[in-house]
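>>> this is a predicted model, with the sequence first.
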Amino acid sequence: MLFGGPSPEHDISVLTGLQAASALAKDGVAVTAIYWARSGDFFEVDPALDPPSFVEGVPRGAHRLDLVARPGGGFVPEGGRLGRRSALEITAVLNCCHGGPGEDGTLQAALDLAGVRYTGPSAAGAALGMDKLAFGGVMRAAGLDVLPRMAFAPGIAPEFPGPYIVKPRFGGSSIGIEITDDLTTVAALVKTSPHHRAGAVIEPYFGDAIDLNISVLTHPERRLSAIERPLRGAGDDRIYSYADKYLGGQGMASAKRQLPASLPADVAERIIQAAHVVAEVALVRSVARIDFLWIGDRVCVNEINTIPGSLSWYFWAAEGLPFGALLSGLLAEATAGPTVRYSTDGADGTALRAAGSIASKLA
């Protein structure tokens, strides 16, 4: 069970990981807990720790691990003679890392190279889900309704009027989200915010938009949860904020919501149909959350969370599926499939022999 990570969502990932470890332990599943510190280092920790143990960083009693990204690699305890260290025996990694390299394909690619099975999206699915600009473009190409969205660049005006909502191009669904009425403010925000260093996207803001979410589960076959309507806080209710989602004490599980949402039948059906398309096109695996915006007569795909807060277990608890059973299903799906294999078909040396001398080619 892997949680944490060098990400703005580190703390929420810790909550998700500890919730998952507790649920699996209650079901008698042996759990090895791996904490991914803010520094990027990995540590084996006691899976029974509580959240305050991680406030100052790496908890006491932690043991450092190295992630070896090569065949036969994996998580290797530090120490011992070079070449004689054995990786931890891991059936599959339950990935509880939100945002950053844990959800953008970086971790997934490293585990693929090591031949380690894991839950959650593939490297390709994770990368697509984390890139808001690419995801929106792919959904539009699939025939789904999405709001206009563009990469922000100073001096290039959008084709739509303000007010604007500005988001990190690569990031979660809450951190770094701002609403503003003019492009000068957008430029200043993007220039100064650490969340926008890798790029920002801008899209029109609709104050009357209603957030609607649905969860997708892919094992043993694809299933959709009931639709939820998140409830915004009593303060600045222009967006469904980070505080609304995560600061209730148990991450997303304690956020206020209407589940199932009270909706017109046609709106619910449009969300269900669109969710199936998103799941297929975006390579959804394990459990994910798809966020929609209901604006007048439009139902727009907004974003996907490929490793959602609390692993969306509250959706499935409402369906009668306990958290432990949800997690066991994710692990069963991960262990049932083969690890990623790379092909060298065609790399038979023909091109190398034909190339001759590099020096002659440069001459």
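Received, thanks. None of these values were measured; they are calculated from a predicted model. Numbering: from 1, shown residues only.
>>> name the helix or strand of this protein that has the lowest mean pLDDT.
The helix or strand of the chain with the poorest confidence is helix 242-246; it has a mean of 52 (mean pLDDT, DSSP states H and E).
>>> so where do the helices sit in the stretch 51-200 of the chain?
106-114, 123-130, 132-141, 183-192 (DSSP state H, counting those that start in this stretch).
>>> which of those helices sits closest to Lys167?
Between Lys167 and the helices of the stretch 51-200 of the chain, the tightest spacing by Cβ to Cβ is seen for helix 132-141, at 6.0 Å. C-beta coordinates here come from the backbone N, C-alpha and C atoms, glycine included.
>>> buried set for that closest one?
Counting neighbours by 16 or more other Cβ atoms under 10 Å, one finds that the buried residues in helix 132-141 are 132-133, 135-136, 138-139.
>>> sec struct for Thr24, please.
Quick fix: residue 24 is Leu, not Thr. Assigned state for Leu24: helix (three-state reduction, DSSP: H, G, I helix; E, B strand; the rest coil).
>>> burial count for it?
Residues lying near Leu24 (other Cβ atoms under 10 Å) number 21.
>>> show me what contacts the closest residue to it other than its chain neighbours?
Distances taken as Cβ to Cβ, 6 or more residues apart in numbering place Val31 nearest to Leu24, at 5.1 Å, with adjacent residues excluded. Residues in contact with Val31 (Cβ atoms under 8 Å, 6 or more residues apart in numbering) are 1, 21, 24-25, 47.
>>> may I ask you to confirm that Tyr164 is in contact with Pro204?
Yes: counting by Cβ atoms under 8 Å, Tyr164 sits close enough to Pro204 to count as a contact (6.6 Å).
>>> neighbour-wise, which of these two wins?
Under the criterion of other Cβ under 10 Å, the comparison of Tyr164 against Pro204 puts Tyr164 first, with 20 against 17.
>>> so how far is Ile210 from that one?
19 Å (Cβ to Cβ, to the nearest Å).
>>> how deep is the residue nearest to Pro220 when sequence neighbours are not counted tucked in, by neighbour count?
Among residues not flanking Pro220 along the chain, Gly329 sits closest, at 7.3 Å (Cβ to Cβ, 6+ apart). Counted with other Cβ under 10 Å, the neighbours of Gly329 add up to 19.
>>> please give me every residue in contact with Gly329.
For Gly329, the contact set (Cβ under 8 Å, 6+ apart) comprises 217, 219-220.
>>> so where's the stretch 51-200 of the chain shaky on pLDDT?
80-84, 173 (pLDDT under 70).
>>> which parts of it are strands?
63-68, 74-77, 150-151, 164-168, 178-180, 200-204 (DSSP state E, counting those that start in this stretch).
>>> closest to Ser310 out of those?
That would be strand 164-168 among the strands of the stretch 51-200 of the chain, by Cβ to Cβ, at 21.5 Å.
>>> so Leu111 sits against Ile90, correct?
No: Leu111 is not in contact with Ile90 according to Cβ under 8 Å; the separation is 9.8 Å.
>>> higher neighbour count, these two?
Taking neighbours as other Cβ under 10 Å, Leu111 and Ile90 compare with Leu111 leading, 25 against 18.
>>> which non-adjacent residue is nearest that one?
Going by Cβ to Cβ, 6+ apart, Leu111 has Tyr118 as its nearest residue, at 5.0 Å.
>>> residues in contact with Leu18?
Contacts of Leu18 by Cβ under 8 Å, 6+ apart are 3, 47, 49-51.
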